[in-house]
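Enquirer: Got a predicted model here, sequence first, then my questions.
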Amino acid sequence: GQQLNQSPQSMFIQEGEDVSMNCTSSSIFNTWLWYKQDPGEGPVLLIALYKAGELTSNGRLTAQFGITRKDSFLNISASIPSDVGIYFCAGQGSGTYKYIFGTGTRLKVLA
Amino acid sequence: EAGVAQSPRYKIIEKRQSVAFWCNPISGHATLYWYQQILGQGPKLLIQFQNNGVVDDSQLPKDRFSAERLKGVDSTLKIQPAKLEDSAVYLCASSLGRGITDTQYFGPGTRLTVL
């Protein structure tokens, strides 16, 4: 099935650094979601975006809905060890309730 | 508030055997989803229920997979017979409704290994 492309696939950063990741699609989406998944757990919603150009923050996390409606970005500022996990984007297109998930970005934070 | 419950957490079977997974959604949530997450990939929707009716099962391999949500609460997902490529984590999620602002809450998943 169709999946969104996320980059980078994985990243290792030092504690305190900022992180950026993005998600791209060949299709236009009306809604973008960003999830975090810890090992052995289900994904947990971090941020939801509903309008092109929208910029939304949740603590140290900031996400943006790209103006082309084909991409989205997630930034984490001042990373801490508990930011370790896999970050997934998910998009919802027109005329469907179904979300398509990205391939994930695996983040590791070195103390 | 209790989260989405799933059982078992782990299951190992041989190919051609049958297996069933159980999900108890958050109380009051009308919409229930089953996802398949293959190692290294994002979750893929298998089936979506609204109360006890199927909304979308377009990606459910119906020759071997079946799901039901009797009485619009608990749900079971069955695989019969299992294939090697069915090895994955099966995630259940629920939401209040199908609106775009209705957050999906995921359970911890059942990790299936088919030998």
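Expert: Right, received. Where do you want to start? Keep in mind the model is a prediction, meaning the values are calculated, not measured.
Enquirer: what does chain A put close to chain B?
Expert: Proximity of chain A to chain B (Cβ under 8 Å from any Cβ of the partner chain) is limited to residues A:1, A:3-4, A:30-31, A:40-45, A:48, A:50, A:88, A:90, A:92, A:97-99, A:101-104. In this view, the C-beta of every residue, glycine as well, is placed from N, C-alpha and C.
Enquirer: one more time with 6 Å, if that's ok
Expert: Contact residues, chain A versus chain B (Cβ under 6 Å from any Cβ of the partner chain): A:1, A:3, A:31, A:41-43, A:45, A:88, A:97-98, A:101-104.
Enquirer: Just the buried ones among the residues you listed, please.
Expert: With burial judged by 16 or more other Cβ atoms under 10 Å in any protein chain shown, the buried subset of these is A:Thr31, A:Gly42, A:Pro43, A:Phe88, A:Tyr97, A:Lys98, A:Phe101, A:Gly102, A:Thr103, A:Gly104.
Enquirer: Let's verify the residue lying closest to the third one once chain neighbours are set aside: helix, strand, or coil?
Expert: Using Cβ to Cβ, 6 or more residues apart in numbering or on different chains and skipping residues adjacent in sequence, the residue nearest A:Pro43 is A:Tyr35, 3.7 Å away. State at A:Tyr35, reduced to three classes by DSSP: H, G, I helix; E, B strand; the rest coil: strand.
Enquirer: can you pull the contacts of A:Tyr35?
Expert: By Cβ atoms under 6 Å, 6 or more residues apart in numbering or on different chains, A:Tyr35 lies in contact with A:Pro43, A:Leu45, A:Phe88.
Enquirer: Please identify which two of the residues of chain A next to chain B are farthest apart in space.
Expert: The largest separation in these, counting by Cβ to Cβ, is between A:Glu41 and A:Tyr97 at 24.0 Å.
Enquirer: A:Gly91 - nearest residue in space that isn't next to it in sequence?
Expert: A:Phe29 (3.7 Å).
Enquirer: Output the set of residues of chain B in proximity to chain A.
Expert: Looking at chain A, the residues of chain B close enough under Cβ under 6 Å from any Cβ are B:42-45, B:59, B:91, B:98, B:100, B:103, B:106-109.
Enquirer: Where in chain B is the helix or strand with the lowest mean pLDDT?
Expert: The weakest-scoring helix or strand in chain B, judged by mean pLDDT, DSSP states H and E, is strand B:53-56 (a mean of 93).
Enquirer: roughly how far apart are the closest residue to A:Ser26 other than its chain neighbours and A:Gly102?
Expert: Of all residues not flanking A:Ser26 in the chain, A:Lys70 sits nearest, at 7.1 Å (Cβ to Cβ, 6+ apart). To A:Gly102, A:Lys70 is 13 Å away according to Cβ to Cβ, to the nearest Å.
Enquirer: Equivalent analysis for A:Ser25, please.
Expert: Relative to A:Gly102, A:Ser25 is positioned 9 Å away (Cβ to Cβ).
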